[in-house]
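Chemist: model the structure of this input:
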Amino acid sequence: MTPEPTNDVRTPKSQGRGIRQTMSDLHTWAGLLVGWLLYAMFLTGTVSYFKDEISQWMRPEVPHRQTLPDPAIVAQNVANRLTTLAAGSPQWSVYLPTERNPVAGVFWRNAPAPKGSTSAPRRTFEEATFDPTTGETLKARETLGGDFFYRFHFQFHPLPVMWGRWLAGFCAMFMLVAIVSGVITHKKIFIDFFTFRWGKGQRSWLDAHNALSVFGLPFHLMITYTGLVTLMAMYMPWGAQTAIKTPVERSQLNAQLSAFPPPGKATGEKMPLASIEAMVREAQARWGARDVGRVTVTNPGDASARVAVTRGESTRVSMSPQYLLFEGTTGKLIDVHDNVGAAAETRGVMYALHLGRFSDLHLRWLYFLVSLGGTAMVGTGLVMWTVKRSSKLPDPARPHFGFHVVERLNIAAIAGLSIAMTAFLWSNRLMPADAVHRSATEVDAFYWVWAATLLYALVRPAKRAWIELLWAGAAVLALLPIVNAVTTSRGFWHSVTTGDWVYAGVDAMLWAFAALHAWLAVRTARHKPKTKPARRADVATTAPSAINAPLSEDRA
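Modeler: Now for the predicted structure:
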């Protein structure tokens, strides 16, 4: 009996997913889930490299100065004023003027209310801006200025500080995962940096995303990691809590990280402060005439007073504290704190690299441009997700819910954020200078306008929403310098002729960003999505017959 022929043809086993495919999914979802917040963090962090200049622009009452007075004289003038203005304060600090911030900023703690007092509780601290020449308070409009973008960048102001910083850290960790997984996924990422195919739909978005990623890859990795390091004591406090238990050890840790010496117990014996000017002069002799950043006084007017003169940040790539500690009533130098341990110094260097305050104008512009490229990297990644999936939708006119949500959030997060940030600046110019709760109203304008752009994106067709909001962004950016010229005496041409380059520079950048938004609006309007050709019907039917043909012949 002849045995039946057996079929030895086996179906090939499906290959498992490789590391690159796994990393690709991780890269996609790590970037998408928090991509909108990351875009906002990147853009507000980018403009924060010029936060001092933005703050100047938002306080037009502060006069423009070509030269700065001697910091030692400024410190003495402000100290004389604070002896009466902040009488009874346990601590006050004077931030001395710099080329980027030509005023004296002052912070002081209010004296605690007497025990048993039934009066309404007052603020625990006060802030003011002083004229560095006269030592008198400057009557400038109340505003957070560029500090709003800075605070939003790492704590989503006005969220509670702890919640905002935890949220920012969560997003930064996702960003770090996205960067590492992106490098693993794109094995030809450096080759792709030199390849850009214009007008190819999804391929063009991918090329742009790759080029922007490689262009600033070391910077993006550095800025993300150092951002986490700056708040490491909050994110991972358990090591310090285990190792440092006594008050003395905690005081030593504070000295490694902060130049704010804690106030000692007041003796109650009234004694005047010694010459603040002489103390600052001693610090200038050690560090340089313009390298003194802050003067902090604890228990002023008491026999236990201490004065800390802190070194500035513009001449060293470290944020580790360096200061001279003086006896407040005699001016005697009692401690020189000019170095910290290796761990604290490593943290200080990473902190300085993240903030970039050590940089001169040219390096600050490089920080700005590479960080702006990082913002575009996140934005192109978000857009690429929708472009890649739009061609696979059964009915592009009626996308599924998840696609619809991502698409509309992209519009509001990218085009809407530009409008909201500009609205913050518009409100600064349009509100009366003496309005109550002025700075809070500016912040409210930012959030209300941003929410309005999201609502607009939800009710309009996606492409029309992109075009219209980009044109709206171009319009509000282009008109703002004109509003500035109408509402203040420091318009663009006046600033150019008087050498007020901060005001002229901000106006010029607003016009540059307006041109960028107009160009994006035109490109979006001209874009026509390409549809893939339908697959031939015989491809699906031919493949099975070709596979089964040998089996039929064997059996015959």
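Chemist: quick one, strands of the protein?
Modeler: Secondary structure of the chain by DSSP state E: the strands cover 91-95, 104-109, 125-130, 292-298, 306-311, 323-327, 333-337.
Chemist: got a pLDDT number for residue 121?
Modeler: We have a pLDDT of 52 for residue 121.
Chemist: whoops, I mixed them up, residue 140
Modeler: 86.
Chemist: hmm, it is touching residue 61, no?
Modeler: Yes - between residue 140 and residue 61 a contact is recorded at 4.4 Å, counting by Cβ atoms under 8 Å. All C-beta atoms are positioned from the backbone trio N, CA, C, and that covers glycine.
Chemist: between these two, point out the one with more neighbours.
Modeler: More crowded of residue 140 and residue 61, by other Cβ atoms under 10 Å: residue 140, with 16 against 11.
Chemist: from residue 58, how far off is the more buried one?
Modeler: As judged by Cβ to Cβ, to the nearest Å, residue 140 and residue 58 stand 9 Å apart.
Chemist: residue 244 too?
Modeler: The gap separating residue 244 from residue 58 is 41 Å, by Cβ to Cβ.
Chemist: and the two? which has more neighbours close in?
Modeler: Neighbour tally, residue 244 and residue 58, criterion other Cβ under 10 Å: the higher count belongs to residue 58, 23 against 14.
Chemist: and the pLDDT for that one?
Modeler: Per-residue pLDDT puts residue 58 at 95.
Chemist: who touches it in this structure?
Modeler: By Cβ atoms under 8 Å, 6 or more residues apart in numbering, the residues touching residue 58 are 141, 143, 145-146, 425, 428.
Chemist: just residue 66 next, same as before
Modeler: So residue 66 contacts residue 499 (Cβ under 8 Å, 6+ apart).
Chemist: before we move on, back to that, least reliable of the strands of the chain going by mean pLDDT?
Modeler: strand 125-130 (a mean of 86).
Chemist: that one to strand 91-95, inter-axis angle?
Modeler: 30 degrees (axes from the mean of the first three to the mean of the last three Cα atoms, to 10 degrees).
Chemist: what does strand 125-130 contact?
Modeler: Contacting residues not belonging to strand 125-130 are listed as 59, 62, 77-78, 81, 85-86, 94, 103-110, 136-138, 140 [Cβ under 8 Å, 6+ apart].
Chemist: next, the buried residues of that strand.
Modeler: Going by neighbour count (16 or more other Cβ atoms under 10 Å), the buried part of strand 125-130 is 128-130.
Chemist: between these, which is nearest residue 411?
Modeler: Closest approach to residue 411 among the buried residues of strand 125-130 (Cβ to Cβ): residue 129, at 38.8 Å.
Chemist: look at the residue nearest to the closest one when sequence neighbours are not counted and say how many residues are nearby.
Modeler: Spatial nearest neighbour of residue 129, excluding adjacent residues (Cβ to Cβ, 6 or more residues apart in numbering): residue 138 at 4.6 Å. By other Cβ under 10 Å, 16 other residues sit near residue 138.
Chemist: ranges for the helices of the stretch 301-450 of the chain?
Modeler: Along the stretch 301-450 of the chain, counting by DSSP state H, counting those that start in this stretch, helices occupy 342-355, 361-390, 401-411, 417-430, 438-459.
Chemist: list the buried ones in the longest one?
Modeler: Right, the one you point to is helix 361-390. The neighbour-count check on helix 361-390 (16+ other Cβ under 10 Å) flags 364, 367-368, 370-387, 389-390 as buried.
Chemist: can you check the last one too?
Modeler: Of the residues in helix 438-459, those buried under the neighbour-count criterion (16+ other Cβ under 10 Å) are 438-439, 441-443, 445-446, 449-450, 453, 456-457.
Chemist: what sits up against that helix?
Modeler: So helix 438-459 is contacted by 141-144, 148, 157-158, 408-409, 411-412, 415-417, 419-421, 423-424, 426-428, 431, 435, 465, 468-469 (Cβ under 8 Å, 6+ apart).
Chemist: drop anything exposed from those.
Modeler: So, by 16+ other Cβ under 10 Å, the buried ones in the contacts of helix 438-459 are 141-144, 148, 157, 408-409, 411-412, 415-417, 419-421, 423-424, 426-428, 431, 465, 468-469.
Chemist: quick one: residues contacting residue 418.
Modeler: The neighbours of residue 418, taking Cβ under 8 Å, 6+ apart as the test, are 43, 473, 477, 513, 517.
Chemist: for it, report the pLDDT, please.
Modeler: 96.
Chemist: also the one 4 residues further on?
Modeler: According to the model's per-residue confidence, residue 422 sits at a pLDDT of 97.
Chemist: that one contacts residue 477, correct?
Modeler: Yes - between residue 422 and residue 477 there is a contact at 5.5 Å, judged by Cβ under 8 Å.
Chemist: overlap in contacts of the two?
Modeler: residue 510.
Chemist: any low-confidence regions in the stretch 201-350 of the chain?
Modeler: Scanning the stretch 201-350 of the chain for pLDDT under 70 picks out 201-211, 213.
Chemist: got a list of what residue 371 touches?
Modeler: Residue 371 sits next to 42, 45-46, 49, 216, 219, 223 when contact means Cβ under 8 Å, 6+ apart.
Chemist: quick one: it from residue 184, how far?
Modeler: With distances taken as Cβ to Cβ, residue 371 is found 24 Å from residue 184.
Chemist: what of residue 36?
Modeler: On the measure of Cβ to Cβ, residue 36 and residue 184 end up 24 Å apart.
Chemist: these two - which one has more neighbours?
Modeler: Between residue 36 and residue 184, counted using other Cβ under 10 Å, residue 36 has the larger neighbour count: 20 against 15.
Chemist: right, and the more buried one touches residue 408 too?
Modeler: No - assessed by Cβ under 8 Å, residue 36 is found out of contact with residue 408, at 10.7 Å.
Chemist: next one: stretch 65-76 to chain centre, how far?
Modeler: Distance of stretch 65-76 from the chain centroid (Cα atoms, centre = their mean, to the nearest Å) equals 30 Å.
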